[in-house]
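*Asks:* Let me see the structure of the following:
(one chain, ligands or ions: 2)
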Amino acid sequence: MYGKGLLKGLWITFKHSFEKKDLVVRYPEQMPHLQERFRGSLAFDFEKCIACGICIRNCPNNVLSMETAKDEDSKKKKLMQYTIDLQYCMFCNLCVEDCPTNSLYFTHDFELSQFHRDDIKRVYHRPPELDQQEAAQKTSDQDTQTAADDKKEKQLRAMINAINKNPQKVLARVLDGEEQVEVLAAVLMADEKKLARMAEMMITDKEKAKKVALAFVKKELKEREKGGDQ
Ligand code: SF4
Ligand code: SF4
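*Replies:* Ligands and ions are numbered 1, 2, ... in the order given. You can find the predicted model right below:
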């Protein structure tokens, strides 16, 4: 029927005219309801950023920039300043999607207009407490490493002592035959380096220790054979 579409449209308008629901939001007195994934202002978490530069390379509008410096102790790059020039941002979300540490995210803040252009820029400076936190973390890591090294050293000394004290019993853990164990004991007693290496492998990798022990024995037996022939 001619005019059917027009009548349908008028009917919808008529229906909504009597609805009680308030469709108009009286902004700015009343703030609109924003959806969870609404992209307002781009924001940055300084502590999470690893200064990889992926976001800067991927931004199509050159919105992002950063300043870095070389850390004297670790010789690694550290972030000093990160800038978001929001006036050029088109809220495409590429930087947020590509950031490996989730340092970038959108907030619901959409009131971004400023009187001066420069005020639209978001400049994040390195927080002084970040260096303190990193220094504390480094000291703690060093302490943990020292404790682990001490423990390893103690275990190694204990294993060497045990082999020295009772080679037949201890070396039986990596070789089966009594004769093989005796040959291995002779090899290790004659060479401190081999002894330390075998002790370390017996602590860290028993399967490897078994293979190396067998190799030591075979080599020694071959040499003995050669010596016997001459
Ligand atoms: S949202 Fe898009 S335009 Fe805006 S900073 Fe990220 S990549 Fe650039
Ligand atoms: S991609 Fe993420 S971690 Fe890398 S520089 Fe950008 S904000 Fe920092």
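*Asks:* Quick one: name the residues of the chain near ligand 2.
*Replies:* Contacts of the chain with ligand 2, taken as Cβ under 6 Å from any ligand atom, map to 49-55, 99-101, 103-104. Bear in mind the C-beta positions are built from the backbone N, C-alpha and C, glycine included.
*Asks:* what separates the spatially most central residue of the chain from Lys48, distance-wise?
*Replies:* Central residue of the chain (Cα atoms, centre = their mean): Thr101, 8.4 Å from the mean position. As for Thr101, its distance to Lys48 is 5 Å (criterion: Cβ to Cβ, to the nearest Å).
*Asks:* what's the neighbour count on the closest residue to Leu214 other than its chain neighbours?
*Replies:* The shortest distance from Leu214 to any non-neighbouring residue, by Cβ to Cβ, 6 or more residues apart in numbering, is to Leu175 (6.9 Å). Leu175 has 20 neighbouring residues, counting by other Cβ atoms under 10 Å.
*Asks:* Quick check: Leu175 touching Leu184?
*Replies:* Yes - with contact defined as Cβ atoms under 8 Å, Leu175 reaches Leu184; the gap is 5.8 Å.
*Asks:* and the residue lying closest to Ala69 once chain neighbours are set aside, which of the three is it?
*Replies:* Distance criterion Cβ to Cβ, 6+ apart; nearest residue to Ala69, sequence neighbours excluded, is Met80 at 5.2 Å. Judged by DSSP: H, G, I helix; E, B strand; the rest coil, the three-state class of Met80 is strand.
*Asks:* Would you mind measuring from Met80 to ligand 1?
*Replies:* 20 Å (Cβ to the nearest ligand atom, to the nearest Å).
*Asks:* what does Gln114 give?
*Replies:* Relative to ligand 1, and taking Cβ to the nearest ligand atom, Gln114 is found at 17 Å.
*Asks:* Okay then, goodbye and thanks.
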